[in-house]
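**Student:** model this:
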Amino acid sequence: MRLVLYQPDIPQNAGAAIRAAACFGASLEIVEPCGFPLNARELRRVAMDYGALAAPVAHASWGKFLETVGGARLALLTTSAETSLWSFRFRADDILMLGRESSGVPDEVHQAAAARIRIPMSGKARSLNVATAGAIVLAEASRQLGAD
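**Tutor:** Okay, the predicted model is just below:
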């Protein structure tokens, strides 16, 4: 499974996503440009030594990332999705994409996604932290796929 951050703004969130990916046996990828350099101290501090377990792979652009998708299913995590996380059936080769903290993803990314998933939340909440959302979805995907 691949966890992908689309043009992240906050290095600490990317670092936390690295840790989540490592803990659930997923790879972590970043579609650039980012709001920080990929060697940012804040990213390394939050990722700690988990970066060795899920060393982030950078894609220079959305187009370059698309070249790596192949036959895998691109699933976009978005608060505007109709499909709930609890009813979505994951596959081992899914690509799970999270948008920018500040603006989500553009229409072309929405259109490229084979699936759009939302995490059910209280009606009073707007959204989860991007790294938290990634960890929740990786946990549910791992559960469905029989991880111990």
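**Student:** Distance from stretch 95-111 to the middle of the chain?
**Tutor:** Taking Cα atoms, centre = their mean, to the nearest Å, one finds the center of stretch 95-111 at 9 Å from the center of the full chain.
**Student:** got it, and stretch 138-148?
**Tutor:** The answer for stretch 138-148 is 15 Å, by Cα atoms, centre = their mean.
**Student:** show me what contacts the closest residue to V57 other than its chain neighbours?
**Tutor:** Among residues not flanking V57 along the chain, E29 sits closest, at 4.7 Å (Cβ to Cβ, 6 or more residues apart in numbering). No exception for glycine: its C-beta is placed from N, CA and C like everyone else's. Applying Cβ atoms under 8 Å, 6 or more residues apart in numbering to E29 gives the contacts R2, L3, V4, L5, P56, V57, A58, H59, F65, T68.
**Student:** separation between the residue located most distally from the centre of the chain and G15?
**Tutor:** No residue in the chain sits farther from the centre than K124, which is 23.5 Å out by Cα atoms, centre = their mean. Distance, K124 to G15, by Cβ to Cβ, to the nearest Å: 28 Å.
**Student:** Same check on P56?
**Tutor:** 10 Å.
**Student:** what's the answer for Q7, then?
**Tutor:** 16 Å.
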